[in-house]
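1. Need the 3D shape of this:
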Amino acid sequence: MTEAAVRKDRRGSAARLGLIAVPVAFFAVFFAYPVAAIVARGLKVDGVWQFGRLGEVLAQSDVRHVLWFTTWQAVVSTALTLLVALPGAYVFARFDFRGKQVLRAVVTVPFVLPTVVVGTAFLALVGRGGLLDELWGVRLDTTVWAILLAHVFFNYAVVVRTVGGLWAQLDPRQEEAARMLGASPLRAWRQVTLPALAPAVAAAALMVFLFTFTSFGVVQILGGPTFSTLEVEIYRQTSEIFDLSTAAVLTLIQFVAVGAILALHAWTVRRRESALRLVDPSATARRPRGTGQWALLGGVLGTVVVLLLLPLAVLVQRSLDAPGFGYYRALTRDDGGVFLVAPIEAIGNSLEYAVAATAIAVVIGGLASVALTRRDAGRFVRGFDALLMLPLGVSAVTVGFGFLIALDEPPLDLRASWILVPLAQALVGVPFVVRTMLPVLRAVDVRLREAASVLGASPWRVWREVDLPMVRRAMLIAAGFAFAVSLGEFGATVFIARPDNPTLPVAVARLLGRPGELNYGQAMALSTILMVVCAVALLVLERLRTDRSGEF
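-> The predicted structure follows:
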């Protein structure tokens, strides 16, 4: 390597480290520091770490039961989600039919809904006075079945998008060649397609397991006092019992489990990126042929209607139970009971917070994506790629409470500042920005950048004139996902949103926590409004989406 090439390589490494400095600082101050503060508050006594508390907490039978139920329900939820969603992944990957783009947006709506709204929708379907209760006298709330069904509802899109996105890019001629050589359809799929899909299936399964392992809003609303995951137990120990040492131990356990899951997920993603030859997805989809394929399409559409659309439709119907849009009109009145302001103000608050959180997430996630673009980046940079996913799995309750404890002294006394909520929401939005933009940035031909550099363009001009035009659409999609996810963040926001500035998910949870038909109806009305906003955002994203626009 020539001296000029060495200097150029060093400048490139320095530039990547400079780009990643801002995301590293952001995560250090607003993620690592609050989590460390809450753990230290629970495990430090008079400045001495009490690690013996780990064994004491794990020796408690109720804690072991929580750990067992958290793991068990996550395994079953993951298996059920794969069973139900894999046929949908195949249909979206291989079939071309009218309304496919709209249907893709529809199946994604549950994923970006707040878990509180998901719990509310299933409460309207399977709870007391719900549709099943009225028709057949069947109630599933406070049962594990309601939790499992809600988890499949929430994570259906993860499998469809992750597995279906890769499936659409596999060359079907490889399977057809195996058929011509005498293999049965099942054997051809098992020996040709399944091995190629295995990394995507594993990645989807790990993400579903992660989201169900850390489930909070769904279990809190549908599980009642009977069932508790680690996340719910951390919330209970923190806000109800005020046992910070137990909450700190449970946080550490969840942190270790999530770290292991994310390490496996990063490995499967690397395999999927490097081990396959992919083709243009537009060349692999065709109209269904024969009775079997039309029956499969009909079955998937039926599953979408019953599993995904029915709970949302019941949610809307329950919000309209009062004559003359009574529940919606009640949102404009301040009764002085649940909030210090009229519940309708939660809509404006949520939109303002989500816009600010989206701006932060796009800046932080964009800088991180540019720094991570090169596959030959150093270990530190590759390790940071995995750390960016931690906010999706580490207890949001711990982060929210940690904000109150850690960010309480100058120059970081932000407890009374409005920016606290967007900062917490941006932590969840950044991983979606990175996972959406990074594959597109890596797909840019490096020779284009090199040619611009040879012609004298500065790194900033190379980015502006080469990369930006190619990733602009992916950036808009990333911003849309960050907006939708920020809009629905609940775990951390429930601690830091002020009573006079509630967000929509916090308002829904508080209304559900109070007795009375009016409070229940207003919760349904607010949930419907949030659902409509998320659905519109997803439809806009589908108009922008290309088949190479990232993982989600």
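2. could you pull out the strands for the chain?
-> With DSSP state E as the criterion, the chain has strands at 44-45, 48-49.
3. What mean pLDDT does the first one get?
-> Yep, that's strand 44-45 we're talking about. The average pLDDT within strand 44-45 is 76.
4. Where is the longest helix in the protein?
-> When the chain is parsed with DSSP state H, its longest helix is helix 61-94.
5. Show me what that helix is packed up against.
-> If you count contacts as 3 or more C-beta pairs under 8 Å, 6 or more residues apart in numbering; DSSP states H and E, helix 61-94 packs onto helix 100-112, helix 144-167, helix 194-213, helix 230-235, helix 244-274, helix 290-303. From N, CA and C alone the C-beta is placed, and that goes for glycine too.
6. so which of those gets nearest F51?
-> Closest to F51 of the helices and strands packed on helix 61-94 is helix 244-274 (C-beta to C-beta; 9.6 Å).
7. Just give me how far that closest one sits from the chain centre.
-> Centre-to-centre, helix 244-274 and its host chain are 15 Å apart (C-alpha atoms, centre = their mean, to the nearest Å).
8. buried set for that helix?
-> Neighbour-count burial for helix 244-274, counted by 16 or more other C-beta atoms under 10 Å, picks out 244-255, 257-259, 261-262, 264-266, 268-269, 272.
9. Report the rounded mean pLDDT for that helix.
-> Mean predicted confidence for helix 244-274 is 76.
10. how big is the angle separating it from helix 61-94?
-> Angle of helix 244-274 versus helix 61-94, following axes from the mean of the first three to the mean of the last three C-alpha atoms, to 10 degrees, is 20 degrees.
11. ok, back up a step: average pLDDT across the longest helix of the chain?
-> The model assigns helix 61-94 a mean pLDDT of 92.
12. buried sites along it?
-> Buried, per 16+ other C-beta under 10 Å, within helix 61-94: 63, 66-67, 69-71, 73-74, 77-78, 80-82, 84-86, 88-94.
13. what's the answer for stretch 125-139, then?
-> Result for stretch 125-139 [16+ other C-beta under 10 Å]: buried residues L125, V126, G127, G130, L131, D133.
14. Can you give me the distance of the fourth one to G137?
-> Shown here: G130 relative to G137, a distance of 11 Å by C-beta to C-beta, to the nearest Å.
15. How about the second one?
-> Between V126 and G137 the distance is 12 Å, computed by C-beta to C-beta.
16. for the first one, same thing?
-> Relative to G137, L125 is positioned 14 Å away (C-beta to C-beta).
17. Quick check: L388 touching V434?
-> Yes: contact criterion C-beta atoms under 8 Å: L388 and V434 qualify, at 5.3 Å.
18. Residue ranges in the stretch 301-450 of the chain under the pLDDT threshold?
-> 334-340, 374-383, 443-446, 449-450 (pLDDT under 70).
19. Name the nearest residue to W294, ignoring sequence neighbours.
-> Excluding its sequence neighbours, the residue lying closest to W294 (C-beta to C-beta, 6 or more residues apart in numbering) is P288, at 5.0 Å.
20. tally of neighbours for that neighbour?
-> 17 (other C-beta atoms under 10 Å).
21. Please tell me how far W294 sits from R287.
-> From W294 to R287 the distance is 10 Å (C-beta to C-beta).
22. whoops, I mixed them up, A346
-> For A346 relative to R287 (C-beta to C-beta), the value is 45 Å.
23. Helices of the stretch 351-500 of the chain, residue ranges please.
-> 379-387, 396-406, 420-443, 446-454, 459-462, 468-488, 493-496 (DSSP state H, counting those that start in this stretch).
24. Show me what the longest one is packed against.
-> Under the contact criterion of 3+ C-beta pairs under 8 Å, 6+ apart, helix 420-443 touches helix 345-371, helix 396-406, helix 468-488, helix 493-496.
25. Run the chain-centre distance for it.
-> With C-alpha atoms, centre = their mean, you get 11 Å for helix 420-443.
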